[in-house]
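# Here is my input; please provide its structure:
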Amino acid sequence: MKICACEWKSVCGDDLSFAEIEKLGEVSYYGKPSPEELPAVIGDSEVLLCSKVSVTPALLDSCPNLKYIGVMATGYNNIDLAACRERGVTVTNIPDYSSSAVAQMTMTFILALATSLEAYTASTARGDWTRSELFCYYPYPLTELEGKILGLVGMGSIGEKVARLAEAFGMKVIYHTRRKKECGREHVSLDALFARSDFVSLHLPLSAETEKLISRESLAKMKKSAFLINTARGGLIDEQALRDALDGGVIAGFAGDVLTVEPQSSTCPLIGAKNCILTPHIAWAPKETRARLIGILRDNLAAWLNGKAQNAVNG
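Presented below is the predicted three-dimensional model:
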């Protein structure tokens, strides 16, 4: 069996491998081919392992041998599921492999914003402390988390883990989902969440309904002292509106691990924005997390080969 693995390096890095997957078939490795290159790259492969490449009806028609797509992530909005279903192509994903890591990064962002950590680190690196008249100085805001309100937009496995971490710091958690969940926390409207929260954190998938959920209008509903965190999908935010809100003092700060265009474009509106922390989509990337992903990826493929597909998203 021929297996085409695109974007594999984003999962393996320099510290892991696809050795277990190689036991299941002949694996050919590629970076991120362009849409024009993809048909030739996939060729007569029966299996495609990928993360962000776009799978369209035209691509499927050009690769008639393709029978299985293993998405190396939880999200699969880049895959045309209906077209795959029509052509008998099974699509699987990797659910809930990175919840702990993403929740950890979310809490890291909350702590960094609350303590102006980047500003103080830069200040001491400039030598400001060596010139201080007193034993300490605090020109940048410092905020206690205890008693503050964290508003979670989305309450799946990641949101639940974030909630528990925040509550350990004494924060009150409110949340918004389309349907109320029995989780022992206050369910509120989206407008109420924006208005009440000291920190707003996004934990929902990107769809036609959620694209640019964070807009000029929603930002204007937030407290001027509030912080926004995004470890979900970049497209949830209107980045120019966020840039204007940060520079104009509409909200106090932002921390994000994802952008609308990745890798980051040189024209990204958030470059140089005031009190803006950006990391390069790494919340999911601890070694333990990636090893778990590879293990589930292998198990998904093995299950499909045995006629018992698991984690299928287009069944």
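# Is the residue nearest to V47 when sequence neighbours are not counted part of a helix or strand, or is it coil?
Counting by C-beta to C-beta, 6 or more residues apart in numbering, I3 is the residue found nearest to V47 once chain neighbours are left out, at 4.3 Å. Where you see a C-beta, it was placed from the backbone N, CA and C, and this is true even at glycine. Following DSSP: H, G, I helix; E, B strand; the rest coil, we place I3 in the strand state.
# what pLDDT does I3 get?
The model reports I3 with a pLDDT of 98.
# Touching stretch 140-150 from outside, list them.
110-111, 114-116, 119-120, 123, 162-163, 166, 169-174, 196-201, 252 (C-beta atoms under 8 Å, 6 or more residues apart in numbering).
# Just the buried residues of that stretch, please?
Buried residues in stretch 140-150, counting neighbours by 16 or more other C-beta atoms under 10 Å, are found at T143, L145, K148, I149, L150.
# before we move on, what about stretch 192-208?
Quick answer for stretch 192-208 (16+ other C-beta under 10 Å): L193, F194, R196, S197, D198, F199, V200, S201, L202, H203, L204, L206.
# Save the residues you listed as TSV, and put in distance to L24, pLDDT and secondary structure too.
Listed next are the buried residues of stretch 192-208 as TSV, based on distance: C-beta to C-beta, whole Å; pLDDT from 0 to 100; DSSP: H, G, I helix; E, B strand; the rest coil:
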residue	distance to L24	pLDDT	secondary structure
L193	45	98	helix
F194	47	98	helix
R196	50	98	helix
S197	46	98	coil
D198	49	98	coil
F199	44	99	strand
V200	43	99	strand
S201	38	99	strand
L202	36	98	strand
H203	33	97	coil
L204	34	94	coil
L206	31	90	coil
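# Sort out which one of those residues lies nearest P33 for me.
The closest of these to P33 turns out to be L206 (C-beta to C-beta; 22.7 Å).
# mind checking how far the closest one is from W129?
Relative to W129, L206 is positioned 42 Å away (C-beta to C-beta, to the nearest Å).
# Okay, helices next: where are they in this protein?
Remark: helices assigned in the chain by DSSP state H are 8-12, 19-22, 38-42, 57-62, 81-86, 99-115, 117-125, 157-168, 190-196, 216-220, 239-247, 287-305.
# Determine the set of other helices and strands touching the fourth one.
Meaning helix 57-62. helix 38-42, helix 81-86 (3 or more C-beta pairs under 8 Å, 6 or more residues apart in numbering; DSSP states H and E).
# ok, and what's touching the worst-scoring helix or strand of the chain on mean pLDDT?
Least confident helix or strand of the chain, by mean pLDDT, DSSP states H and E, is helix 8-12 with a mean of 95. For helix 8-12, contacts defined as C-beta under 8 Å, 6+ apart pick out F18, Y29, Y30, G31, L49, S51, M72, R290, L293, I294, L297.
# Next, the contact list for the third one, please.
When you say that, I think you mean Y30. Y30 makes contacts with C4, A5, C6, E7, W8, V41, as judged by C-beta under 8 Å, 6+ apart.
# which residues does it form a beta bridge with?
Judged by DSSP bridges, the bridge partners of Y30 are C6.
# Flag the shaky bits of the stretch 201-315 of the chain, pLDDT-wise.
The model of the stretch 201-315 of the chain has no residue with pLDDT under 70.
# hmm, try it at 90
207, 315 (pLDDT under 90).
# Isn't V200 up against F227?
Yes: counting by C-beta atoms under 8 Å, V200 does reach F227; the two are 7.4 Å apart.
# Am I right that I294 is in contact with A19?
No: the pair I294 / A19 is not scored as a contact, 9.2 Å apart, by C-beta under 8 Å.
# which one of these two has more residues nearby?
Between I294 and A19, counted using other C-beta atoms under 10 Å, I294 has the larger neighbour count: 21 against 11.
# measure the more buried one to D15 for me?
For I294, the distance to D15 - C-beta to C-beta - is 11 Å.
# How about the residue in the chain that sits furthest from its center?
E133 (43.3 Å; C-alpha atoms, centre = their mean).
# on that earlier part again, pull out the buried residues from the least confident helix or strand of the chain.
In helix 8-12, counting by 16+ other C-beta under 10 Å, buried: W8, S10, V11, C12.
# try stretch 243-261
Neighbour-count burial for stretch 243-261 flags 243, 245-246, 250-260 (criterion: 16+ other C-beta under 10 Å).
# The residues you listed into a markdown table, with extra columns for distance to C268?
Listed next are these as a markdown table, based on distance: C-beta to C-beta, whole Å:
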| residue | distance to C268 |
| --- | --- |
| R243 | 9 |
| A245 | 15 |
| L246 | 13 |
| V250 | 19 |
| I251 | 18 |
| A252 | 21 |
| G253 | 17 |
| F254 | 13 |
| A255 | 15 |
| G256 | 11 |
| D257 | 14 |
| V258 | 12 |
| L259 | 6 |
| T260 | 8 |
